[in-house]
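# Fold the following for me, if possible:
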Amino acid sequence: MTLDQWRRGAGTALSFTAFGIGGLAIGLVVAPLLRLGVRDGTRRQRLARRGIRHAFRAFIGLMSGLGVLDYRLEGGERLARPGRLIVANHPSLIDVVFLLAHTPNADCIVKGRLATNPFTRGPIRAAGYITNRDPEALLDAARSSLGQGNSLILFPEGTRTTPGRPIRFRRGGANIALRTDTRITPVLIRCSPTTLTKGEPWYHIPKRKVHLSLHVLDDLPPEQASDQPTSQRARQLTRELSDYFNRELERHERNHTAVA
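Okay, here's the model as predicted:
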């Protein structure tokens with residue numbers, strides 16, 4: 001490893017140590033204080049989400065300040081609109097951090113195992129994020145959350161994108177969009193060089209600094225009325241979403257190469 005890689009590796013270790021300590025602090029200190037001081041559950045969740053948003057902004061600032069990564073957000077003002085279903089691809093472990101940091105009062109669908117992880121369960125429970133353990137309960141929770149004006153963040157791939165392979169979505173996002181009649185706000189995330197992909201440990205430091213780009217694209221038009229069963233429409237919409245993200249990814253990569 002080069003000296004620059006050692007330096008960025010130390011910055012990465014410090015950043016994730018801070019992340020873990022912050023998660024424990026929210027679960028052990030902040031959440032109990034909120035339960036004691038705020039009786040209204042909805043207001044308590046909103047305060048917790050606001051605190052997590054600021055904490056994630058601080059985490060991003062720490063990583064940027066330590067030279068671990070640079071990032072760019074385009075169209076971020078679209079994330080401020082309430083009641084949106086925000087659908088994104090998932091190239092890196094920290095994608096959700098950036099979306100939660102820039103989306104006011106965001107709800108999020110997370111993996112069930114994160115709700116038992118000692119570093120993440122405190123924030124997840126305090127903020128009332130939705131877990132994917134029960135598909136039927138998930139749909140009801142998503143409908144309720146969107147109905148309250150929350151923005152709901154979802155990664156329909158179900159896991160992190162495999163580098164070099166096309167984006168392939170599962171039907172969760174399409175089902176929620178169709179069954180709640182909610183417009184989709186797509187967010188295309190690009191990470192170069194790839195890092196923190198599935199199965200890749202944090203201490204595998206890329207040869208150059210990571211650059212993360214988040215492009216908040218125009219809302220997709222609502223689905224037209226159809227006599228087809230919802231399950232069939234969900235399969236079709238899922239294919240269309242996958243194709244759309246792959247086309248946009250190819251277009252942005254092509255433009256980036258042309259500029260470079």
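# Quick check, pLDDT for Gln224.
At Gln224, the model reports a pLDDT of 67.
# Now the top strand by length along the chain: buried residues?
Of all segments of type strand in the chain, defined using DSSP state E, the longest is strand 184-192. The neighbour-count check on strand 184-192 (16 or more other C-beta atoms under 10 Å) flags Ile184, Thr185, Pro186, Val187, Leu188, Ile189, Arg190, Cys191 as buried. Using the backbone N, CA and C atoms, a C-beta is placed for each residue, glycine as well.
# so who does the closest residue in space to the first one that isn't next to it in sequence touch?
Nearest residue to Ile184, sequence neighbours excluded (C-beta to C-beta, 6 or more residues apart in numbering): Leu220, at 4.5 Å. If a contact means C-beta atoms under 8 Å, 6 or more residues apart in numbering, then Leu220 has Arg183, Ile184, Thr185, Pro186, Leu241, Tyr244 as its contacts.
# where does the fifth one fall, phi/psi-wise?
This points to Leu241. The phi/psi pair for Leu241 (degrees, to the nearest 10) reads phi -70, psi -40.
# And the next helix or strand past the host helix or strand of Gly122?
Under the criterion of DSSP states H and E, Gly122 resides in helix 121-127. For helix 121-127, the succeeding helix or strand toward the C-terminus, using DSSP H and E, is strand 130-131.
# Could I get the buried residue list for stretch 15-23?
Within stretch 15-23, the residues that qualify as buried by neighbour count (16+ other C-beta under 10 Å) are Ser15, Phe16, Phe19, Gly22, Gly23.
# Geometric centre of this structure: which residue is closest?
Nearest residue to the geometric centre of the chain (C-alpha atoms, centre = their mean): Val96, 2.7 Å.
# In this structure it contacts Arg160, no?
No - Val96 is beyond contact range of Arg160, at 10.7 Å (criterion: C-beta atoms under 8 Å).
# State the phi and psi torsions of Leu214.
Per degrees, to the nearest 10, the backbone of Leu214 is at phi -120, psi 120.
# Surely it touches Thr185?
No - contact criterion C-beta under 8 Å: Leu214 and Thr185 do not qualify, at 12.0 Å.
# the helices in the stretch 51-200 of the chain, which residues?
Taking DSSP state H, counting those that start in this stretch as the criterion, the stretch 51-200 of the chain contains helices spanning 95-102, 121-127, 135-147, 172-180.
# right, and these - which one's nearest Phe155?
Taking C-beta to C-beta, helix 95-102 is the member of the helices of the stretch 51-200 of the chain nearest to Phe155, at 7.1 Å.
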